[in-house]
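> got a structure for you, letters missing:
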């Protein structure tokens, strides 16, 4: 009876709407309708999933918890930040945005309650419906929004009073009166003023700074501009991380202007870095990227690594169950391969073509995943799968996912610094999990069979 709510046709329809809307329609036709459609469908599906974790007859609590959590996430920055962090661990790099207009979807909870009431009079759902619906529902509710840089810092200037102003394409200007220690925003329509690419320290004509053309970096001269040496340059893995933060367009990541201001104890240099915001050299000579003061930094795009982790986890899951199958092994193997390839198409996309060109491939991937997955579940249920092998596959899949994805998530946050080190760590951890799983399955297969027909 507890699963009848999740398997009700209306809830299943909500799962399908989430899958299709979040992974296809939002990218093809972004806007108000597709955005709110996901909220409505999510509020129909989420209480049914949450109810599985609560005690029986706690359905009202599931509805209320869903509504309260949704309201907090959509109306507070703290709620949105906590949701972003949680979803990143579960579903890969994610960004949940606070948007009070999404509260318009809250009446969908009444539909969820109606579905719950109707499900009480329905017979218990068959096992195959539960097995199919639960993973699809979990995949569906984990789609979120990504962040894009809201501004582009174009120029910097220091006025006669020492105020530093950073001008952007947009309606916001950043102002600092204390040499870059703190910043405030001024909103108003304006055109970015022409920025200067080089400037010497006031009262110290021998020390000068200039931006490096077409790169994120600054050079300095100690002899009035006759010779130059790098003072601050972004290269290697740091540049790759920044490129992934801003849509994979490294040509847009470049220093565009700078300004120098004298301060007690030395001087400061403020650099306008386009989409990446600001970089500052303080009076001690230390450079630091501060991005956009007071705003959340864009997330590093880890979709490729997340897709590979999900694909490998699915391979281990299907492989573990298939290794314990006593019958229908060929049909199961073919269906498992189709499901895994469908997953790869659905979540990894098609990198050689624009989105509109490979939407049909994502539809094909979704159909292959759904069809292959359902067939595998049916064959596993009727093919007398060995319980130990199936359990190893189910338990090893999330371990493989974590082994592959978490090292790259650490790289996105700066630890490890090198992408190649993250690759080595992921390969090592994944190999340990796969070899241990294979050893357990092999050991179980060598055990004496209790019945001759097994």
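Great, that's in hand. Small disclaimer: the values here were computed from a predicted structure and weren't measured.

> after the helix or strand of the chain at the bottom of the mean pLDDT ranking comes which helix or strand?
Counting by mean pLDDT, DSSP states H and E, the weakest-scoring helix or strand in the chain turns out to be helix 127-140, with a mean of 53. Following helix 127-140 in sequence order, the next helix or strand is strand 153-158 (DSSP states H and E).

> packing partners of whatever helix or strand comes next after that following strand?
Proceeding N to C from strand 153-158, the next assigned helix or strand is strand 164-168, under DSSP H and E. If you count contacts as 3 or more Cβ pairs under 8 Å, 6 or more residues apart in numbering; DSSP states H and E, strand 164-168 packs onto strand 153-158, strand 172-176, strand 266-272. Just so you know, the C-beta spots here come from the backbone N, C-alpha and C atoms, and that holds for glycine as well.

> direction included, what does strand 164-168 pair against?
Using DSSP bridges, the strands paired with strand 164-168 in its sheet are strand 153-158 (antiparallel), strand 172-176 (antiparallel).

> make JSON lines out of the helices and strands packed on strand 164-168 and add mean pLDDT, distance to residue 10 and mean neighbour count.
Putting these into JSON lines (pLDDT from 0 to 100; distance: least, Cβ to Cβ, whole Å; neighbours: other Cβ atoms under 10 Å) gives the following:
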{"stretch": "strand 153-158", "mean pLDDT": "90", "distance to residue 10": "49", "mean neighbour count": "21"}
{"stretch": "strand 172-176", "mean pLDDT": "88", "distance to residue 10": "44", "mean neighbour count": "19"}
{"stretch": "strand 266-272", "mean pLDDT": "95", "distance to residue 10": "52", "mean neighbour count": "23"}
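
> next one: residue 48 from residue 59, what distance?
Distance check for residue 48 against residue 59: by Cβ to Cβ, to the nearest Å, it reads 9 Å.

> hang on, the earlier thing: quick one, which of the strands paired with strand 164-168 is nearest to residue 232?
strand 153-158 (14.7 Å; Cβ to Cβ).

> run the chain-centre distance for the closest one.
Distance, stretch centre to chain centre, for strand 153-158: 32 Å (Cα atoms, centre = their mean, to the nearest Å).

> so it versus strand 266-272, what angle?
150 degrees (axes from the mean of the first three to the mean of the last three Cα atoms, to 10 degrees).

> ok, and what's touching strand 153-158?
164-169, 174, 192-196, 256-261, 270-278 (Cβ atoms under 8 Å, 6 or more residues apart in numbering).

> next one: stretch 305-317
91-93, 339-340, 343-344, 347-349, 393-394, 396-398, 400-401, 404-405, 408-409, 430, 433-434, 437.

> try stretch 436-444
316, 320, 323-324, 386, 388-389, 392-393, 396.

> give me that answer again for 10 Å
316, 319-320, 323-324, 386-393, 395-397, 399-400 (Cβ atoms under 10 Å, 6 or more residues apart in numbering).

> just grab the bridge partners of the closest residue to residue 261 other than its chain neighbours for me.
In space, not counting the residues next to it along the chain, residue 261 is nearest to residue 158; the distance is 4.7 Å by Cβ to Cβ, 6 or more residues apart in numbering. Applying DSSP bridges to residue 158 gives these bridge partners: residue 164.

> so which of the contacts of stretch 305-317 are in helices?
91, 339-340, 343-344, 347-348, 393-394, 396-398, 400-401, 404-405, 408-409, 430, 433-434, 437 (DSSP state H).

> mark which of those residues are buried, thanks.
91, 339-340, 343-344, 347-348, 393, 396-397, 400-401, 404-405, 408-409, 430, 433-434, 437 (16 or more other Cβ atoms under 10 Å).

> which stretches of this protein form helices?
In the chain, the helices defined using DSSP H lie at 9-20, 26-28, 32-51, 59-75, 77-91, 108-119, 127-140, 236-245, 303-323, 329-348, 355-382, 387-412, 419-445.

> format those helices as CSV; extra columns: distance to residue 208.
Listed next are the helices of the chain as CSV, based on distance: least, Cβ to Cβ, whole Å:
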stretch, distance to residue 208
helix 9-20, 57
helix 26-28, 47
helix 32-51, 49
helix 59-75, 49
helix 77-91, 41
helix 108-119, 61
helix 127-140, 56
helix 236-245, 25
helix 303-323, 42
helix 329-348, 48
helix 355-382, 46
helix 387-412, 36
helix 419-445, 35
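
> out of those helices, the one nearest residue 185 is which?
When these are compared by Cβ to Cβ, helix 77-91 sits nearest residue 185, at 15.7 Å.

> and stretch 441-450, how far from the chain's centre?
41 Å.

> identify each buried residue in stretch 212-224, please.
So for stretch 212-224, counting by 16+ other Cβ under 10 Å, buried means 212, 215-221.

> and the pLDDT at residue 349?
As predicted, residue 349 sits at a pLDDT of 49.

> please apply the same query to the one 10 residues further on.
The predicted local confidence for residue 359 comes out at a pLDDT of 59.

> residues contacting residue 114?
Under the criterion of Cβ under 10 Å, 6+ apart, the contact list for residue 114 reads 8, 10, 44.

> the second one touches residue 113, doesn't it?
No: taking contact to mean Cβ atoms under 10 Å, the distance of 11.4 Å between residue 10 and residue 113 leaves them out of contact.

> quick one: contacts for the nearest residue to residue 263 once chain neighbours are set aside?
Closest residue in space to residue 263, ignoring its immediate chain neighbours: residue 179 at 4.6 Å, by Cβ to Cβ, 6+ apart. By Cβ under 10 Å, 6+ apart, residue 179 lies in contact with 158, 162, 164, 261-264, 266-268, 270, 280, 282-283.

> do that again at 6 Å, thanks
For residue 179, the contacting residues are 261, 263, 268, by Cβ atoms under 6 Å, 6 or more residues apart in numbering.

> and it, its phi and psi?
As for residue 179, its main-chain torsions (degrees, to the nearest 10) stand at phi 70, psi 30.

> one step back: of residue 48 and residue 59, give the one with the bigger neighbour count.
More crowded of residue 48 and residue 59, by other Cβ atoms under 10 Å: residue 48, with 31 against 21.

> against residue 377, how distant is that one?
Residue 48 is 19 Å from residue 377, by Cβ to Cβ.

> could you do residue 67 as well?
Residue 67 is 32 Å from residue 377, where distance means Cβ to Cβ.

> residue 347 too?
Separation of residue 347 from residue 377 (Cβ to Cβ): 20 Å.

> for stretch 222-235, measure first residue to last.
23 Å (Cα to Cα, to the nearest Å).
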